[in-house]
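Participant: everything below, folded, please.
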Amino acid sequence: ATYNDWLPTFNLAYDTQHDVVLRFSAAKVISWAPYNQLVPNTFLNDDILNGTGGNSGLQPYKSYNFNASAEWYFDTQSVLAASVFYKHVLNYIDQVAKIERQYNSFNDSDHDNFVQKYVNGQLGNCDVSGFCDYTVIRPYNAGAGKIRGFTLNYQQPFGSSGFGLSANYTYTHARNSAGEALPYSSDNAVNLSPYYEKGPLSARLIYGWRSKYLAGGFIAGAAPATVDAYTELDASFGWTFNPNFSVTLDAMNLLDEKYFQYQDTKREPLNTYTTGRRYMLNAHFKF
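Facilitator: Now for the predicted structure:
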């Protein structure tokens, strides 16, 4: 397929001369789906009649974006900012489970058992030629959506102590043309990062939290899965021995948080993903 698009953009910044900068931007942008979603492949589980796959017919995301912000630089390396945004998204992509007519390989390996179990047993609406109804999850373009919200940002070092704090909060209201929530978009997200940077030592904690959000569908005709609210706490420590040698230690997911997905309520669990705590030690040499 071939696509031709004009992608205009406009940016305006106004310095009030009182440590305040006002900004406005507007742009039309496009973005292709990841390659793994565009690959025209299909993976089937012939036993339970479900599968996953890509979709080579996906059209690129297209969005009209508008942003406005006010930034107050009240001290050295310090800022307090607020911004509002609005995005009109076309061709947004969702993982959807649909019924597809696919061939069951059990018909080749054991035809009699296939007929007994799937045709006579009436599993998956199968026929004697080996074709059955499969629930297959693929990415699809799912129409238009609107995203609007605001972001608050704060950053400040506390004098010459070496301590400082950066923080931000984002509220997002993302809905499709039918008024339903868009996938992968949390209504609320918070990030806090206290830090210390003085002399050879640098240390930082990174706390992030996002509210629940929709994931893709798992069963054709059922409501999309929901990912529960998620919290992550990371830490980073560094020591500079001299201009040529330093070490850093990074610790990730210190709270051992788990991703939890459920259908309609938390009493209908679908998946739990555990990554565990992770640690990384790095040595840096400069020549």
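Participant: packing partners of whichever helix or strand Thr272 is part of?
Facilitator: Assigned by DSSP states H and E, Thr272 falls within strand 269-274. Where contact means 3 or more CB pairs under 8 Å, 6 or more residues apart in numbering; DSSP states H and E, strand 269-274 is packed against strand 258-262. For every residue, glycine as well, the C-beta is placed using N, CA and C.
Participant: buried set for the strand it packs on?
Facilitator: Across strand 258-262, burial judged by 16 or more other CB atoms under 10 Å covers Phe260, Gln261, Tyr262.
Participant: mean confidence (pLDDT) on stretch 259-269, please.
Facilitator: In this model, stretch 259-269 carries a mean pLDDT of 90.
Participant: how about stretch 158-171?
Facilitator: Here stretch 158-171 scores 96 as its mean pLDDT.
Participant: same check, this time on stretch 133-146
Facilitator: The average of the pLDDT scores along stretch 133-146 is 90.
Participant: residues of that stretch that come out buried?
Facilitator: Neighbour-count burial for stretch 133-146, counted by 16+ other CB under 10 Å, picks out Tyr134, Thr135, Val136, Ile137, Arg138, Pro139, Tyr140, Asn141, Ala142, Gly145.
Participant: can you map out the strands along the stretch 51-200 of the chain?
Facilitator: Under the criterion DSSP state E, counting those that start in this stretch, strands of the stretch 51-200 of the chain are mapped to 61-75, 78-90, 93-103, 131-141, 144-157, 163-176, 188-198.
Participant: distance to Ala235 for those strands - can I get that in a markdown table?
Facilitator: A markdown table is the format used below for the strands of the stretch 51-200 of the chain (distance: least, CB to CB, whole Å):
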| stretch | distance to Ala235 |
| --- | --- |
| strand 61-75 | 26 |
| strand 78-90 | 23 |
| strand 93-103 | 33 |
| strand 131-141 | 36 |
| strand 144-157 | 19 |
| strand 163-176 | 15 |
| strand 188-198 | 10 |
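Participant: and the ones you listed, which is most packed in?
Facilitator: Most buried of those by mean neighbour count (mean count of other CB atoms under 10 Å) is strand 131-141; its value is a mean of 20.
Participant: so what does that strand touch, helix or strand wise?
Facilitator: Other helices and strands packing on strand 131-141, by 3+ CB pairs under 8 Å, 6+ apart, are strand 42-45, strand 50-53, strand 93-103.
Participant: thanks a lot, catch you later.
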